[in-house]
Structure formats: C-alpha cells, structure tokens
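J.: Predicted structure and sequence below. I'll ask about it afterward.
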Number of protein chains: 2
Amino acid sequence: MADVARAAGVAQSTVSRILNRAPEAILVTEATRERVLAAAQRLDYRPNPLARALRGAPTMLIGAIVRDVTDPFFAVAIDALASTAAGHGYSLVLGHARSRADEALALAAVLEARQCDAILLLGDFREEPMLIDDLRQSQVPVVAMWHGSRIKGFHSVTVDNSAGIRDALDHLSGLGHRRIAFVGGESLGDIREREEAYREYFGETDIVVPDSFVQRASNTFLGPGPALERLLRSPEPPTALMAATDVLGAGLIHAAVGLGLRVPDDLSIVGFDDIPFAAATVPALTTVHMPVAEMSAAAVELALSPDRDPTDRETRILTPTLVTRSSTAPPPLQHRLASRPAGLSHG
Amino acid sequence: MADVARAAGVAQSTVSRILNRAPEAILVTEATRERVLAAAQRLDYRPNPLARALRGAPTMLIGAIVRDVTDPFFAVAIDALASTAAGHGYSLVLGHARSRADEALALAAVLEARQCDAILLLGDFREEPMLIDDLRQSQVPVVAMWHGSRIKGFHSVTVDNSAGIRDALDHLSGLGHRRIAFVGGESLGDIREREEAYREYFGETDIVVPDSFVQRASNTFLGPGPALERLLRSPEPPTALMAATDVLGAGLIHAAVGLGLRVPDDLSIVGFDDIPFAAATVPALTTVHMPVAEMSAAAVELALSPDRDPTDRETRILTPTLVTRSSTAPPPLQHRLASRPAGLSHG
DNA sequence: CTGAAAGCGCTAACAC
DNA sequence: GTGTTAGCGCTTTCAG
C-alpha cells in the first residue's frame, strides 16, 4: 500500500480511505481518487487481510469446526451454511477436526483470535474438552450445532431428536410393526439423543423391547452389517429397524439384501437426517428430514448478532419432519398376526 | 504478551523467545524461564496468530478451495488431505467456493496473502478465471488437484482418467458387453476427460457407438434418471453403463431398479471414484478406485516443497485401479448372442 | 543472557 | 481534502 501511495503521490492514509470507503462517501477529490485507483491497479495491489484484521476490522469470515467432513450429513450442512453465510456477505472457512485433539486445538486458535467473526461448532465435541474450554474464552460468538445435549457457554441450534424418533416410530407402529429395533452409533451427540428417545418411546407403551434390540455400529455404510446379523439371530427378530442416521439406514438396506431379505417386504427400515443419498437407495429410504436450511439460518443469525451479555445464551430447537419413501411397509403376514401377543409376552 | 512480560518482570522479547524456541535452545536462565511460563499460564496467554503471520512466520495452515463439499468424492479427498497435512504438522482450512464467483475470490484473498503456507485447488475451476488469475500471482505455492486437463502456472496432481476408463471398459467387454453407454456430467474436469476417454476407447475398436450413447446428467444421485430413460428408449438399448462418477453410478442403479430392471442381470453398471458408499449400494458398485491417499501425499509434498523456480511446475499423474463388485455381470443371453453383429451392424 | 527498538501492512484519530 | 502519527501483537536485529 505504501507503494501505491508513493506511485500516486499521496499519503498512505488517503489510499486506505479511497480503497475502503464506498464511493458515495466523497471525502476525496475525484482526481486524487482516480490517480490512486489507477496506481493500485497498475501495481496490482492487494490488501493484506491479516494486517486489516490485526487492526480490528471484521474479517467477514465465519469459521466452522467440523467433526467429520466425511459424514454426508455434515457435507450438506456445510453447504447450507455456506449459502446462508454468503447471503450475509460472509464466507465460510472450515476446520476439519477429525484427526487428533491437538490439531483441533490448533485450528481453533487459528480460527479464533479475530481471524473469524464467529465460530460454528458442528457435531458433538464433548470428547474434546480442551477445545471447548478454549472456545469458551473466545472473544467471538460461538454457536454449537448438532452437539446433542445442551452445552454451556455457547449459543446452540439443535433439532428435536425426540420428536423425529417419535414420528418415525409412530409411522412404523401405524404400519403394524411391534418388533422395532434400533441401530445407533457411538452414542455421541444427536445419535445418543435418538437412542434415548427410542427407549422412552417404548417406555410409554406396553411393548417391552428386549435389550438386544438396541444395537450399536460405527456410523459408516458398511458399519451396521454385524449389528443386523445379531438382531436377526434373536428368537423373535424385529420386523422393522430404526436407524440413528441415514448412513446407517442405507448400510442396513445393503446388509439386509446381502442376507437375502427383501426390503421392505421382510424388513422395514427408517433412517434419520434425509441426506441426498437417502432418496437414491434401493429402495428409497423413509427417513426423518433435518431442517438444515432453517438451522443454518438460525445459526448464522446467532453467530452474527452482536454479542450481548455473555451469560445469556440462546438455544434454538427446530422440528424435523418424516419423509415417507419406499423402505417401509407393513410387516410380513405371519408377524402381523403374531406381533400383538409377542410384544406383551415379554412383559 | 505485554501483560505477561510485565507480570514476569521481563521484556516482551524475552517472553517471545521463551514461548517460541524449543526448550533445548537454552539461551535463557532457568529461573526466568519458569517465571515467564508461570505468568503466561496464569494470565491464560494465547498468541495471536494474526500478528505472528503478519511478522512473517509460517502459519502451519494449508488452504483448500473446494468446488463442492457436497460431492461425496471431495469429502473423502478432504479427509485424506487433512490427515496427510496433519502428518506434516499442518492443519487444513477449507474454503467452499460453490455459491458465487466473487465469493470464491474473496476466499482466495483470505486464504492467500500468507494466511496459508500453501493453497490446494480441488476440482475444476476453469469457470472461475478470476480466481485462477488471482491465484497465479499468489506468493504461496498452489497445487491443483482433479482439475481435469493441465492448468498452467500451478503444480498439479491428477489421476489417469483414460487408464481408469480403459480398465472399466475392458472389464465390461471382457464380460461380453458390446453395447456400452456413457453417462457423464457437466463436462468439467475429470468428468470431461472420462467422456473423452470413453470415445477414444471405442474409436480404437470396430464397435461404433451411436451418439445417443453419450448422455449427460447433473452429478447428483437423482440426476441420471432421465438419461437412463432416454438410453432405454434406443432401438438397441445398452446392456452396460459406464458412469462418470460413483454418484451417477449409484443414481443409475436406483433409476434402473425403479424402471423394473435388475442390476446386473439386465444391466451392468460401473462407476468411477470408489467413494465409501459405492461398497454399500444394492448391488455394490463395481468402480474405478481413485488413489486418494497417494494423491494427497503428492499434493501436500508439492505444496510444502520450497518454491523453486516459478516456471518449473510439476505434474503428477497417478493411476487408478478397477474394483470389481456386484453391479457388473455378463449381458442377458439374448443380447449376448445378438451383440456381436449388433456392434458391427452400425459400422 | 536479556532489554530496547524497529517494523510487518493497515486503519483511525487528529491535525493542517 | 489530505497528510501525520500512533498503534494492533508479535518477532527480530542490535546493544548491553
């Protein structure tokens, strides 16, 4: 910038003014203005955002720390967030925290410290207490999304997992299913809440769910195979499966077909999240749609709202909706007859 | 930092030295050292990476500009890149360039200018000439990955799309297929190269491929439905489909089953990329495996290598390998008999 | 071994 | 209208 000033024969501050203020604020002679602009052009001047940020200017950047970019759900979340942020004139910068804890910390340090005007936390970071503590001291607003349960000190935007599970389970039992198993993941964040919601749901009915009906698997497409085999080995196997995520749901379809079952004729499967792939599985997956766009809007709004009293943190809980596709149907006939007593016989 | 210095009763430069140099470089009294460390701890001092970078220190950050995070292929690429970078002590910062061109530019400006020690470009950015021009002036090394054809001024790491297509097509014709169609995407980057490779392949044989055998669809799971319908309407429909990506491949399986076809009995389908769920589709997708890990290693190496002569840019081309799964089989019997003359009858 | 001082590139008072 | 001056938080000569 000093070069530009010299080339245009003006002071550096003048250059700064001309390059930053909107043209309408005409506090500069048109002649000087043009001279400076020309010089800047000729010298291919590019502002150094570092210096600018150091001086206190907003960076127009929102940082997002993501647990696992590989998870298709987060991929769509990021996409939605980026669009929303762009609508506010902000760009999204992502930090991928998967690898090691210290890396996550390093990332946070970078994103923080006024490099970003706000920070978004996507997923459950309870296993990264250092990160959380670190962020709690942060000068910029932090909003946590899909972190599972409440998390103190941050704004948060979550989905009502309980309502989603209830809708899905209502759908299944409306179809006539009584023996509905749950396949979850590492018991983190939303997945944990979904498992609890599943347990509660049946706690309110006279249907008793054997412990073996809650299975865990790694949240990958090939993860739930063994869980399904275990389930099928039960004396009275389930006629429907509630998967904690669509990834698990899609994996269960694959595993079921591999075992010679027909979906949904022999086994109904419901997912959660409504990732793009869910519409394209064979058969297409019935699932609980995550209101990603609304959640993004809420998160960005919270992130960009001037930080008032740090003790007053807002929590926004949005409601998901069931999307019925082709992976669910009434249970096979023999089970339909047997199911009513079966549920009670376990009491 | 000034606070720490004051609290410890030393000069700021001393604090800087102690906090940055490795302990082995004992150019400081043990007593002072401890005093400073204690003060830093007590005051919860955290270095400001901005100021540090402004002063010229490396940021230990690699920036990646991604065309579309939503594309599952890039998701795994990012993951691999992050791991590789972590192995070198670097973190990965992602910019999502999907939305608008000016946003991509803003991002580049941010990532650049010594905020990052290197920049990675994932995907084809030929439609963003401003970005490219901008990056060409960049002070930090830039390496382009999966950009399709050569791109001047940057290091690049690509895959041999031609070899991949050839392997896949050899597999299909080895199975007895003669009527093999291609379903591609927006003719960008790798997808474009794959289409060309497909055309070349049949150019070298006596099999003539009707123009209608090259179809385009948006690179989404639900995208290729219409393309498949068009293909099936041909007087002599294909018995096998070469999809330009796994997303398209999975979408084609879905569409085919929706149309009442059996895969692979009625129709064989091959994908490209080997994204995680290619192993979990029903049936599992035969595909061309992208050597993502090797490509990441190459890219990071190039990115971190001291920038020598800017005119000497390196290009690394890795070779993909075919993964045979369950979506391919010999063509239906009637086609098997008809296929040989069919290929020639079009000549 | 440690302190003082300069300066990275930029913005914001405050003059003139 | 435009120039001068002082830092933002840090690293790095250069003295002591």
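T.: Good, I have the coordinates.

J.: Can you list the low-confidence ranges for chain A?
T.: A:22-26, A:97-114, A:307-310, A:335-347 (pLDDT under 70).

J.: Up against DNA strand C, what does it have?
T.: A:1-2, A:12-13, A:16, A:19-20, A:45-48, A:51-52, A:54-57 (C-beta under 7 Å from any atom of the strand). (Each C-beta comes from the backbone N, C-alpha and C, glycine too.)

J.: now those: which count as buried?
T.: A:1, A:16, A:45, A:48, A:52, A:54 (16 or more other C-beta atoms under 10 Å in any protein chain shown).

J.: What ranges does the stretch 101-250 of chain A have for its helices?
T.: For the stretch 101-250 of chain A, helices defined by DSSP state H, counting those that start in this stretch occupy the ranges A:101-111, A:129-136, A:161-174, A:189-203, A:225-232, A:246-258.

J.: Return the most buried member of the ones you listed.
T.: helix A:246-258 (a mean of 27; mean count of other C-beta atoms under 10 Å in any protein chain shown).

J.: Contact residues of the stretch 151-300 of chain A facing chain B?
T.: Residues of the stretch 151-300 of chain A lying close to chain B (C-beta under 8 Å from any C-beta of the partner chain) are A:220-222, A:247, A:250-251, A:253-254, A:257, A:276-277, A:279-284.

J.: what about 10 Å?
T.: A:220-225, A:247, A:250-258, A:263, A:275-284 (C-beta under 10 Å from any C-beta of the partner chain).

J.: sorry, back to before: out of the buried ones among the residues of chain A next to DNA strand C, who's nearest residue A:329?
T.: residue A:52 (59.4 Å; C-beta to C-beta).

J.: Go ahead and confirm the closest one touches residue A:59.
T.: Yes: counting by C-beta atoms under 10 Å, residue A:59 is a contact partner of residue A:52 at 7.7 Å.

J.: intersection of neighbour lists for those two?
T.: residue B:50 (C-beta atoms under 10 Å, 6 or more residues apart in numbering or on different chains).

J.: all strands of chain A, in order?
T.: Assigned by DSSP state E, the strands in chain A fall at A:61-66, A:91-96, A:118-122, A:142-145, A:155-159, A:180-184, A:214-216, A:240-243, A:268-270, A:287-289, A:315-318, A:321-323.

J.: Right, and chain B sits closest to which residue of the stretch 51-200 of chain A?
T.: Closest residue of the stretch 51-200 of chain A to chain B, C-beta to the nearest C-beta: residue A:94 (3.7 Å).

J.: and that residue, how many neighbours?
T.: As a burial measure, residue A:94 scores 29 neighbours (other C-beta atoms under 10 Å in any protein chain shown).

J.: show me what contacts it?
T.: By C-beta under 10 Å, 6+ apart, the neighbours of residue A:94 are A:62-66, A:69, A:74, A:78, A:81-82, A:107, A:111, A:120, A:122, B:64, B:66, B:69, B:78, B:82, B:92-96.

J.: could you check the distance from it over to residue B:117?
T.: With distances taken as C-beta to C-beta, to the nearest Å, residue A:94 is found 17 Å from residue B:117.

J.: any idea how far the residue nearest to residue A:266 when sequence neighbours are not counted lies from residue A:213?
T.: Once flanking residues are discounted, residue A:266 sits nearest to residue A:332: 6.0 Å by C-beta to C-beta, 6 or more residues apart in numbering or on different chains. Distance from residue A:332 to residue A:213, counting by C-beta to C-beta: 18 Å.

J.: Residue A:203 now?
T.: From residue A:203 to residue A:213 the distance is 13 Å (C-beta to C-beta).

J.: I'd say residue A:188 and residue A:124 touch.
T.: Yes: here residue A:188 reaches residue A:124: they are 4.3 Å apart, a contact under C-beta under 10 Å.

J.: Neighbour count for the two, which is higher?
T.: residue A:124 (22 against 18).

J.: Can you tell me the number of residues neighbouring residue A:30?
T.: Counted with other C-beta under 10 Å, residue A:30 comes out at 8.

J.: ok, it - contacts?
T.: No residues are in contact with residue A:30 under the rule C-beta under 10 Å, 6+ apart.

J.: And it, how far from residue A:4?
T.: 18 Å.

J.: got it, and residue A:237?
T.: In terms of C-beta to C-beta, residue A:237 sits 75 Å off from residue A:4.

J.: Between those two, point out the one with more neighbours.
T.: Set residue A:237 next to residue A:4 and count neighbours by other C-beta under 10 Å: residue A:4 wins out with 24 against 18.

J.: Wait, the more buried one touches residue A:13, no?
T.: No: with contact defined as C-beta under 10 Å, residue A:4 does not reach residue A:13; the gap is 11.9 Å.

J.: OK, now which residue of the stretch 151-300 of chain A is nearest to DNA strand D?
T.: Residue nearest to DNA strand D within the stretch 151-300 of chain A (C-beta to the nearest atom of the strand): residue A:153, separated by 22.3 Å.

J.: Tell me the residues of chain A that contact DNA strand D?
T.: A:9-14, A:17, A:26-29, A:31-33, A:51, A:54-56.

J.: hmm, 6 Å instead?
T.: Within chain A, the positions lying close to DNA strand D (C-beta under 6 Å from any atom of the strand) are A:10-14, A:27-29, A:32, A:54-55.

J.: Tell me the one of the residues you listed nearest chain B?
T.: For the residues of chain A next to DNA strand D, the nearest to chain B is residue A:54 (4.8 Å; C-beta to the nearest C-beta).

J.: what about the nearest residue to the closest one once chain neighbours are set aside, how many residues close to it?
T.: Excluding its sequence neighbours, the residue lying closest to residue A:54 (C-beta to C-beta, 6+ apart) is residue B:50, at 4.8 Å. Per other C-beta under 10 Å, the neighbour tally for residue B:50 reads 22.
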